[in-house]
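Undergrad: With the sequence up front, the predicted model follows.
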Amino acid sequence: MTLPLAVAAPRRTPTPVVLAAVRRSTRAVLRSPALLVAPVAQSLFFLLVYAGQLSTVGSSYLPGTGFIAFLLPLILLTGVATGAGAAGTLVLRDITSGYLDRLRLAHGSTTPFLVGPVGAALVAVVVQMVITVVGATVIGYRPQSWPGVFTMLLLLVALGLGVALLSTALAIRSASASTTGLVPLAVFGLSFFTGVFAPVDELATWMRLIATVNPLTYIVETARQLGSGDTLTAAPVGVTAVAFLAVAGIVACALALRNARKKR
């Protein structure tokens, strides 16, 4: 009779290994202008151009709300989408160089080395948002509630987590730079189908219809309401959309890893 082969239990990766992976990826992001400086420059560029050219006009139809305060959440969201995509870029580098395979052989799992790039991308996102908020303050941003601004940043970090996870999943599944960049590009593009320069109710009929079904609209509106201290009417849909994106990212990473193991 043939005895079934014993299946070795996966070794638990020590916490120091995970922390080392996060530190390694964070250093890579901080040293790479394309992964950190470019998203910061993008956010500040849009902030300065839009605020400088449209602030006076915007103030005329935004009673009680400064145009910079209205604009800032969208600027932060587009920057988060771009910055969080660094996770997929870092993972793709490790895949194409064979580094992940060597780590898998040494440690029995690549999971901690995927956590590292995601964690590093979120660190970069936080740095980027802080710099953007400081820049907005210099040109006149005065929020109604700084605790609300802090909560707004937490919401956008959660959005960044979902983008980072989905980018990582695409990097594992496709090993292609063009495919890996689709998630940040999609979020960036969809962000302009929200109330960018005016409330959704003020948009043209066809644009209002698109914005109404666009989940990013509710994330942006939730962020605006947090910063202004208004009633959080958009929060149920906005928070649900962010949570769904994060869960989708986790599931996508798990499926991509399982597919990669089957191909080995």
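TA: In hand now; what should we look at?
Undergrad: any idea which element the nearest residue to residue 140 once chain neighbours are set aside lies in?
TA: With sequence-adjacent residues excluded and distances taken as C-beta to C-beta, 6 or more residues apart in numbering, residue 140 is closest to residue 68, at 5.7 Å. Where C-beta positions appear, they are placed from N, C-alpha and C, glycine not excepted. In the assignment (DSSP states H and E), residue 68 maps to helix 67-84.
Undergrad: can you give me the mean pLDDT across that helix?
TA: Mean per-residue pLDDT for helix 67-84: 91.
Undergrad: Helices of the stretch 1-150 of the chain, start to end?
TA: Listed in chain order, the helices found in the stretch 1-150 of the chain under DSSP state H, counting those that start in this stretch are 15-30, 37-61, 67-84, 86-97, 99-107, 111-138, 146-174.
Undergrad: which one of the ones you listed is the most hemmed in?
TA: Burial of those is given as mean neighbour count (mean count of other C-beta atoms under 10 Å); helix 67-84 ranks first at a mean of 26.
Undergrad: Could you work out the end-to-end span of stretch 199-215 for me?
TA: The first and last residues of stretch 199-215 sit 15 Å apart, counting by C-alpha to C-alpha, to the nearest Å.
Undergrad: and it, which residues are buried?
TA: The neighbour-count check on stretch 199-215 (16 or more other C-beta atoms under 10 Å) flags 200, 203, 207, 211, 214, 215 as buried.
Undergrad: quick check: mean pLDDT across it?
TA: Per-residue pLDDT values across stretch 199-215 average out to 91.
Undergrad: got the contact list for that stretch?
TA: Residues outside stretch 199-215 that contact it (C-beta atoms under 8 Å, 6 or more residues apart in numbering) are 61, 62, 190, 193, 194, 195, 217, 221, 237, 238, 241.
Undergrad: which among the buried residues of stretch 199-215 gets closest to residue 129?
TA: Closest to residue 129 out of the buried residues of stretch 199-215 is residue 215 (20.3 Å), distances taken as C-beta to C-beta.
Undergrad: Roughly how far does that closest one sit from residue 194?
TA: With distances taken as C-beta to C-beta, to the nearest Å, residue 215 is found 10 Å from residue 194.
Undergrad: re earlier: could you give the angle of the helix holding residue 68 to helix 111-138?
TA: 160 degrees (axes from the mean of the first three to the mean of the last three C-alpha atoms, to 10 degrees).
Undergrad: Run the chain-centre distance for helix 67-84.
TA: Its chain's C-alpha centre and that of helix 67-84 lie 11 Å apart, by C-alpha atoms, centre = their mean, to the nearest Å.
Undergrad: and if you look at stretch 220-240?
TA: 18 Å.
Undergrad: end to end, how far does it reach?
TA: By C-alpha to C-alpha, the extent of stretch 220-240 from end to end equals 13 Å.
Undergrad: re the thing from before, what separation is there between the residue nearest to residue 140 and residue 205?
TA: For residue 68, the distance to residue 205 (C-beta to C-beta) stands at 28 Å.
Undergrad: could you list every residue that touches residue 231?
TA: Residues counted as contacts of residue 231 (C-beta under 8 Å, 6+ apart) are residue 225.
Undergrad: Report the secondary structure state of it.
TA: coil (DSSP: H, G, I helix; E, B strand; the rest coil).
Undergrad: Skipping its backbone neighbours, what lies nearest residue 159 in space?
TA: residue 242 (5.1 Å).
Undergrad: Where does the prediction get shaky in the stretch 151-264 of the chain?
TA: Residues of the stretch 151-264 of the chain meeting the criterion pLDDT under 70: 262-264.
Undergrad: do that again at 50, thanks
TA: For the stretch 151-264 of the chain, no stretch is flagged by pLDDT under 50.
Undergrad: Provide a complete list of residue ranges assigned to strands in it.
TA: Per DSSP state E, counting those that start in this stretch, the stretch 151-264 of the chain carries no strands over any range.
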